[in-house]
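Colleague: sequence and computational prediction follow.
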Amino acid sequence: MKTVVGTYDNIQTAYAVANDLISAGYSRNDISVVAHDPNNEYAAYVDDRYVESDGGDVAAGAGLGAAIGGLGGLLVSLGALVIPGVGPVIAAGPLLALLTGAGIGAVTGGIVGALVDLGIPDEEAHIYSEGLRRGHILVIVQVPDASASAVTQMMQRPGLVDIRRQADTWRESGWKAPDASRVAR
């Protein structure tokens, strides 16, 4: 399996990508969407019911049931979380399960640990985490190796952020990704 990540500048584009992937036959169970939500602007999309996690401040609550509003039932559940180093987010898909499952997100390093668990190299995981913290929306898809190129092409559209170029800009302004060898998992 291969993990493909797209970083978008707005949630509408991210959900359009996820919908297109589902329409193309990729399983909802293999697609994650996560967005930083410091102002609670996505709260209407999260079911009011929640599940507490052993993860301390990692899980403020995970919505149960279908996503509502403009998401059109896209993903099975949408949860609201607080991730150390990022803050409040909404998430859906396998990433939500990794972050809320028995506090695993807290133990393995929050979003970075969850991304690494999905097969993202550590350095890239830190870049995606920083992008998320800065307001970008991630769409993460796990697909057979043979499908990775097709999925990457489907994810190419206006609103796709060149995250590596962004990381170079962040570095120029003083941002430093944590040393991967010194990050505990």
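Modeller: Alright, I've got the coordinates.

Colleague: would you map the strands across this protein?
Modeller: With DSSP state E, the ranges of strands along the chain come out as 2-8, 31-36, 78-83, 87-92, 137-143.

Colleague: now render these as a markdown table, adding mean neighbour count, distance to V112 and mean pLDDT.
Modeller: (C-beta placed from N, C-alpha, C; glycine too.) Formatted as a markdown table, the entries for the strands of the chain read as follows, by neighbours: other Cβ atoms under 10 Å; distance: least, Cβ to Cβ, whole Å; pLDDT from 0 to 100:
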| stretch | mean neighbour count | distance to V112 | mean pLDDT |
| --- | --- | --- | --- |
| strand 2-8 | 21 | 13 | 95 |
| strand 31-36 | 25 | 12 | 87 |
| strand 78-83 | 25 | 9 | 68 |
| strand 87-92 | 23 | 13 | 74 |
| strand 137-143 | 24 | 12 | 93 |
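
Colleague: out of the ones you listed, which comes closest to A167?
Modeller: Go through the strands of the chain one by one with Cβ to Cβ and the one that ends up closest to A167 is strand 2-8, at 10.3 Å.

Colleague: ok, residues contacting that closest one?
Modeller: 14, 17, 115, 118-120, 124, 128, 131, 136-145, 147-148, 151-152, 155, 159-161, 163, 166 (Cβ atoms under 8 Å, 6 or more residues apart in numbering).

Colleague: quick revisit: would you turn the strands of the chain into a markdown table with distance to A24?
Modeller: Listed next are those as a markdown table, based on distance: least, Cβ to Cβ, whole Å:
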| stretch | distance to A24 |
| --- | --- |
| strand 2-8 | 13 |
| strand 31-36 | 11 |
| strand 78-83 | 21 |
| strand 87-92 | 18 |
| strand 137-143 | 10 |
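
Colleague: between the ones you listed, which one is nearest to G25?
Modeller: Judged by Cβ to Cβ, the one of these that comes nearest to G25 is strand 137-143, at 10.5 Å.

Colleague: for ChimeraX, write the selection for the buried entries among the contacts of strand 2-8.
Modeller: Only the buried members of those end up in this ChimeraX selection, burial being decided by 16 or more other Cβ atoms under 10 Å:
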select :14,17,115,118,120,124,128,131,136,137,138,139,140,141,142,143,147,148,151,155,159,160,161,163,166
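
Colleague: can you tell me which of the contacts of strand 2-8 are in helices?
Modeller: When DSSP state H defines the helices, the subset of these inside them is A14, V17, L115, E124, Y128, G131, A148, V151, T152, M155, I163, Q166.

Colleague: of all those, which two lie farthest apart?
Modeller: In the ones in helices among the contacts of strand 2-8, the most distant members under the criterion Cβ to Cβ are A148 and Q166, with 21.9 Å between them.

Colleague: give me the below-cutoff pLDDT ranges for this structure.
Modeller: Counting by pLDDT under 70, the ranges of the chain that qualify are 43-81, 83-85, 87, 100-109, 179-185.
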